[in-house]
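>>> Kindly return the folded structure for what I paste below:
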Amino acid sequence: MNSILRAKLFPARLRTAIQWLIITLPLYVLSAGPVAWATNDAFHPRYLPDEIWMLYLPLLSLTRVEWIGSVFHWYTAILWQGFPAGYTTL
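Just a heads-up that it's a prediction; the model follows:
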């Protein structure tokens, strides 16, 4: 992957932006689990501060895809123990 990014087709700024996206996007998605655990309700808007709810709002539209919703449910509610165990409100 690095060899593709180092090709002359990508300027240095674009390479840097792509590398940041490759690192931060998975971290953003994976951070949903600890947030669900910390709020202990797997993203019920009533329990999340508005700032955090707005931060994770883009993930809500992705969960409408059936398999993504199932994986998200497993990750936030089952693995990270959103409350009640095994249930998410999305």
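>>> Just the pLDDT for the residue positioned nearest the centre of the chain.
Centroid-nearest residue in the chain, with CA atoms, centre = their mean: residue 29, separated by 1.7 Å. At residue 29, the pLDDT value in this model is 89.
>>> residues touching it, list them.
Applying CB atoms under 8 Å, 6 or more residues apart in numbering to residue 29 gives the contacts residue 59. (Glycine included, C-beta is placed from N, CA and C.)
>>> Buried residues of the helix or strand that contains it, list them for me.
Here residue 29 sits within helix 12-30, counting by DSSP states H and E. By neighbour count with 16 or more other CB atoms under 10 Å, helix 12-30 contains the buried residues residue 15.
>>> Grab the CA positions of that helix and hand them over as PDB.
Taking C-alpha atoms only, helix 12-30 is exported to PDB below (Å, rounded to 0.1, in the frame of the first residue of the first chain):
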ATOM      1  CA  ALA A  12       2.800  14.800  -0.700                       C
ATOM      2  CA  ARG A  13      -0.300  16.500   0.800                       C
ATOM      3  CA  LEU A  14      -2.700  14.000  -0.700                       C
ATOM      4  CA  ARG A  15      -0.500  11.100   0.500                       C
ATOM      5  CA  THR A  16      -0.600  12.600   4.000                       C
ATOM      6  CA  ALA A  17      -4.300  13.000   3.900                       C
ATOM      7  CA  ILE A  18      -4.900   9.400   2.800                       C
ATOM      8  CA  GLN A  19      -2.600   8.100   5.500                       C
ATOM      9  CA  TRP A  20      -4.500  10.100   8.200                       C
ATOM     10  CA  LEU A  21      -7.800   8.700   6.900                       C
ATOM     11  CA  ILE A  22      -6.400   5.200   6.900                       C
ATOM     12  CA  ILE A  23      -5.500   5.600  10.500                       C
ATOM     13  CA  THR A  24      -8.200   7.800  12.000                       C
ATOM     14  CA  LEU A  25     -11.300   6.400  10.200                       C
ATOM     15  CA  PRO A  26     -11.000   2.900  11.800                       C
ATOM     16  CA  LEU A  27     -10.200   4.500  15.200                       C
ATOM     17  CA  TYR A  28     -13.300   6.600  14.900                       C
ATOM     18  CA  VAL A  29     -15.500   3.600  14.100                       C
ATOM     19  CA  LEU A  30     -13.900   1.500  16.800                       C
END
